[in-house]
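A.B. asks: no sequence on hand, only this structure:
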């Protein structure tokens, strides 16, 4: 994205991070932002924590948020998903007590950046990070995983929009077109 932080890109007249926060705040009690650039997000007034594993990718970010959170687990989302759906977020969060990882699946793939992770995941995550194994699902065999099937998500919203992320200029154009057409999920 030409060096511009994806979270600060505008879709539908609002920054993506503002859209994400609206949904997350409706699903959880506390919000914590994992970032290595806190100055960019100070205007949000959120508690922030820096990645403990700067080269740890998304797994490092999830680990950092989970280890810094005050509760028994966390609901994690990516900052580049402009069409998160409140009902889908609540669907995942309400099932959190049932497993160590509660995660939607779409097209046979885990939506790892729209999932709940319990504290029981910390040690398996830490072992993977220490070994440089950054695949989020790498620690799943060591914990209890509850998959939320695509059909359950689809009853609430279109999974293709809910889990759409913005990584390229073309994806940004598509997201803006969806927003302009009022097809926001």
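C.D. replies: That came through fine. Note that the structure is a prediction, hence the values are computed from the model and not measured.
A.B. asks: nearest residue to the middle of the chain?
C.D. replies: When C-alpha atoms, centre = their mean is applied to the chain, the residue found nearest the centroid is residue 77 (1.2 Å).
A.B. asks: mind listing the residues bridging to that residue?
C.D. replies: Under the criterion DSSP bridges, residue 77 forms beta bridges with residue 114.
A.B. asks: got a list of what it touches?
C.D. replies: If a contact means C-beta atoms under 8 Å, 6 or more residues apart in numbering, then residue 77 has 20, 23-24, 84, 89, 113-114 as its contacts. Placement of C-beta: from N, CA and C, glycine included.
A.B. asks: what about the closest residue to residue 65 other than its chain neighbours, how many neighbours?
C.D. replies: Leaving aside its chain neighbours, residue 65 sits nearest to residue 34 (4.7 Å; criterion: C-beta to C-beta, 6 or more residues apart in numbering). Neighbouring residues of residue 34 were enumerated by other C-beta atoms under 10 Å; the total is 21.
A.B. asks: tell me how far residue 34 lies from residue 58.
C.D. replies: Distance, residue 34 to residue 58, by C-beta to C-beta, to the nearest Å: 10 Å.
A.B. asks: now swap in residue 178 and tell me
C.D. replies: Plainly put, residue 178 is 24 Å away from residue 58 if you go by C-beta to C-beta.
A.B. asks: in a strand, that's where residue 21 is, yeah?
C.D. replies: No: secondary structure assignment (DSSP: H, G, I helix; E, B strand; the rest coil) places residue 21 in helix, not in a strand.
A.B. asks: you'd agree it is up against residue 32?
C.D. replies: No: under the criterion of C-beta atoms under 8 Å, residue 21 makes no contact with residue 32, lying 11.5 Å away.
A.B. asks: find the residues that touch each one of those two.
C.D. replies: Counting by C-beta under 8 Å, 6+ apart, the contacts common to residue 21 and residue 32 are residue 46.
A.B. asks: may I have the phi/psi pair for residue 14?
C.D. replies: For residue 14, the backbone dihedrals (degrees, to the nearest 10) come out as phi -140, psi 150.
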